[in-house]
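> using only what follows, build the 3D model:
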Amino acid sequence: MLFCLVLPGFLKAQNNIPVTVSGKKYYKHIVVKGETVYGIAKKFNQEPKDIVLANPSASNGVSVGDTLLIPFVGELSSGSNTQDNYIYHKVVEKETLYSLSKKYNTTITAIDSLNPGLASTGLQAGHDIRIPVVQPKPAVINNPQPKQPVVKDTLKTVKPPPTQLTTNKNETQAYKTLVVEQFHTDTSKFLPALDTGKKMARYNIALIMPFAPGADTLHRLVSGTEQIPFTTRISVDFYHGIILAFDSLAKKGLKINLHVFNISPGPDSSFYATDSILKNPAMLQMNLIIGPPSSSNFKRVAQFAEMHHISILSPLSPESSILKNNPWTSKVKPSAVTETEAEADYIALHYKHATVILIHNRDADDVYYKVFKTRFIKADSAFGSRDTLYHAESIGGVSGLASKINTNVANVIVMPYQGAPFVAKFVNELANSKYSHHDSLVLFGMHNWADNDALDPANLDTLDFHFPSNEFVNYADSSTKKFIAKYRNNYLSEPGYFSYEGYDAGMFYGSLLQMYGTNMQNHLSDIKYNGLQTSFEMFRSSPTNGYENLGVYILEYRNYTEKLDAR
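This is a model prediction of the structure:
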């Protein structure tokens, strides 16, 4: 059970801090005793409807301790939390004076002058420090801001990712403001390098993939004793897809020189080949590097990219470690942790009145169990829900569910374990138990369950199985049909998984190059893009790290087919 102790003095010290949410400025205001929506609106010289529009939950009133986002339209009133010309900020882990100066539009010197003790102690998580107040200019009413330039027909109209889909638009906005922004630090102002965003007549892109096999393998291919290696097929499919993307963008005016480099698929045996590629003078002229796929080789090339300020993309690896301490990196594939967090957000949003049962197995690696639990509690709290998460111990069987299942409401069973042997035993037993007859039963698992041969598809269908994934192809979509037709015409074959992957990556990064030129890396998070298969929602957790892709779909296994759960 969760308890919340509200201290009025603490709330006052933390109130009215400027924050940025989805590119818009707000004051973060924590409701204290006696405050109403009308009173808060009057205090900030706004209309009550403005408060409700920014905080849909406030339409039912506010309670002590509620966090509201107040649109940033003018100076703070005399009753707000300012002491002379500063506000208080509670330091969180990994914050620096530089990040705080950017966040509050001030200088490191100004912060130091208000906090003499920092010179000896430095920033410490949990401590309150004083930040200079920079008074904003009054907002101009009825004077719309100029729209950001877009390339017509290049980036499709983007629907919200499935983790944000809902039939209630107000709930979606509440989800974005109260959940997402609480979990991530705003790093939009941190730039990997000072770059004016030079537009070029033609851009150079390097594609480093394991195309051609070694001489021994090639001999066996010719003799018919061996098939084409899987890594070669991946590379060729990805290449075919990206060529079609660049061909489409060329019709919009984007000109690209694609430099293709072959590398061995082995993680260690190809260091010599990697170094040979990096010594090629043409590499210094690149505006974007794609690959290599293996994490060890990618890190080697990424060091070169950082040294020469070249954006580099990992097309296939889900490992987050490849982004560490290199702001020039990004990757297409979300990590399993990111997918687990997206699943927790989705359940908190769409199953607010359900019984959520989290399965725990002491004999298995529980890293994703802990990730889900932590994230769900935060997301659930953001919606005002309490005590909706239950835990059931399981060594493989379903006996632990006996006291948890509630036949009067939906029962969401979550098993955040990837390849543990007990998963198949639990799922197959659950599908054949008395609980499976309840129409309210919904099972949430992991992405790699779809490839687990030990899981009976019929049982997954029975349990209304859901899972997070970064890939989903809607074959009924007109854009998909056009792509398939063009692919068949060009290559006389059917597009594969990695063909779609290459096309989507080419469209997303190529469009950003066309829009922002050499300053593309600083704008990766500006645009959300739903491709034919892959969704892009780029995010950087730290100004020193690269960009992770948070674009995750929630898929449902229905009638033996994976479908997008578009609630």
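
> bridging residues for the closest residue to Tyr351 other than its chain neighbours?
Counting by Cβ to Cβ, 6 or more residues apart in numbering, the nearest residue to Tyr351 once its immediate chain neighbours are dropped is Val412, at 5.1 Å. Where C-beta positions appear, they are placed from N, C-alpha and C, glycine not excepted. The bridge-partner assignment for Val412, based on DSSP bridges, gives Val356, Val442.

> what is the neighbour count of Val412?
Using other Cβ atoms under 10 Å, the number of residues around Val412 comes to 22.

> can you map out the strands along the stretch 301-450 of the chain?
Read by DSSP state E, counting those that start in this stretch, the stretch 301-450 of the chain holds these strands, from start to end of the chain: 311-314, 329-331, 355-360, 389-393, 411-414, 441-444.

> so where's the stretch 351-500 of the chain uncertain?
Applying pLDDT under 70 to the stretch 351-500 of the chain flags the ranges 383-387, 395-396, 420, 437-439.

> ok, now with 90
351-367, 369, 373-413, 415-443, 445, 447-465, 470-471, 476 (pLDDT under 90).

> Ile357 contacts Val409, doesn't it?
No. Applying Cβ atoms under 8 Å as the test, Ile357 and Val409 come out as separate, 11.6 Å apart.

> tell me the contacts of the residue nearest to Tyr351?
Ile347, Tyr351, Ala354, Thr355, Val356, Ile357, Val442, Phe444 (Cβ atoms under 8 Å, 6 or more residues apart in numbering).

> my guess is the third one contacts Asn411. True?
Yes. With contact defined as Cβ under 8 Å, Ala354 and Asn411 form a contacting pair (6.7 Å).

> of those two, who's got more company?
Neighbour count, other Cβ under 10 Å: between Ala354 and Asn411, Asn411 has more, with 22 against 16.

> return the distance of that one relative to Ala392.
To Ala392, Asn411 is 11 Å away according to Cβ to Cβ, to the nearest Å.

> which residues do Ala354 and Asn411 both contact?
Between them, Ala354 and Asn411 share these contacting residues under Cβ under 8 Å, 6+ apart: Ser440, Val442.

> any chance of the strands of the stretch 301-450 of the chain in TSV, plus distance to Ala54?
As requested, these are exported to TSV (distance: least, Cβ to Cβ, whole Å):
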stretch	distance to Ala54
strand 311-314	34
strand 329-331	31
strand 355-360	28
strand 389-393	28
strand 411-414	30
strand 441-444	31
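
> tell me which of those strands sits nearest to Ala485.
strand 311-314 (27.3 Å; Cβ to Cβ).

> from the contacts of Val412, which is closest to Tyr553?
Closest approach between these and Tyr553, by Cβ to Cβ: Phe444, at 13.3 Å.

> pretty sure that closest one contacts His466?
Yes. Under the criterion of Cβ under 8 Å, Phe444 is in contact with His466, at a separation of 4.9 Å.

> when these two are compared, which one has more neighbours?
Taking other Cβ under 10 Å, Phe444 and His466 do not tie; Phe444 has more neighbours (27 against 21).

> thinking again about what came up before, overlap in contacts of Asn411 and Ala392?
Where contact means Cβ under 8 Å, 6+ apart, the residues bridging Asn411 and Ala392 through contact with each are Ile357, Lys404.

> assign Gly241 to helix, strand or coil.
Going by DSSP: H, G, I helix; E, B strand; the rest coil, the secondary structure assigned to Gly241 is helix.

> can you tell me how far it sits from Pro132?
Relative to Pro132, Gly241 is positioned 51 Å away (Cβ to Cβ).

> then Ser330?
Distance check for Ser330 against Pro132: by Cβ to Cβ, it reads 34 Å.

> neighbour count: the two, which is higher?
With neighbours defined as other Cβ under 10 Å, Ser330 and Pro132 compare such that Ser330 has more, 24 against 18.

> correct me, but Asp464 touches Val442?
Yes. Assessed by Cβ under 8 Å, Asp464 is found in contact with Val442 at 4.8 Å.

> any idea how the protein splits into domains?
Per automatic domain parsing, the domain ranges recorded for the chain read 8-150, 203-334+476-556, 337-469.

> look up how far Asn470 lies from the nearest residue to Asn490 once chain neighbours are set aside.
Excluding the flanking residues, the one nearest Asn490 by Cβ to Cβ, 6+ apart is Leu244, at 7.0 Å. When Cβ to Cβ is applied, the distance between Leu244 and Asn470 equals 20 Å.

> tell me how many other residues crowd Asn287.
21.

> low pLDDT regions in the stretch 201-350 of the chain?
Using pLDDT under 90, the flagged stretches of the stretch 201-350 of the chain are 201, 210-234, 262-277, 279-281, 291, 293-297, 300, 316-318, 345-350.

> helices along that one, start to end?
Under the criterion DSSP state H, counting those that start in this stretch, the stretch 201-350 of the chain contains helices at 215-223, 230-250, 271-278, 295-307, 336-350.

> most tightly packed of those?
For the helices of the stretch 201-350 of the chain, the largest average neighbour count (mean count of other Cβ atoms under 10 Å) is found in helix 336-350, namely a mean of 24.

> against which helices or strands is it packed?
Secondary structure elements in contact with helix 336-350, counted by 3 or more Cβ pairs under 8 Å, 6 or more residues apart in numbering; DSSP states H and E, are helix 169-175, helix 367-382, strand 411-414, strand 465-469, strand 553-558.

> Thr355 against Ala410, yeah?
Yes. Thr355 lies in contact with Ala410 (Cβ under 8 Å); the separation is 7.1 Å.

> more neighbours: the two, which one.
Thr355 (19 against 16).

> list the contacts for the more buried one?
Neighbour list for Thr355: Thr388, Tyr390, Lys404, Ile405, Asn406, Val409, Ala410, Asn411, Val412 [criterion: Cβ under 8 Å, 6+ apart].

> could you measure from it over to Ala336?
25 Å.

> for Leu349, same thing?
Where Ala336 is concerned, Leu349 sits at a distance of 20 Å (Cβ to Cβ).

> repeat for Asp363
Asp363 sits 19 Å away from Ala336 when distances are taken as Cβ to Cβ.

> number of nearby residues for Lys198?
Neighbour count for Lys198, taken as other Cβ under 10 Å: 10.

> which non-adjacent residue is nearest it?
For Lys198, the spatially nearest residue (Cβ to Cβ, 6+ apart) is Thr518, at 4.6 Å.

> any idea how far Ile322 is from the one you found?
The spacing between Thr518 and Ile322, counted by Cβ to Cβ, is 23 Å.
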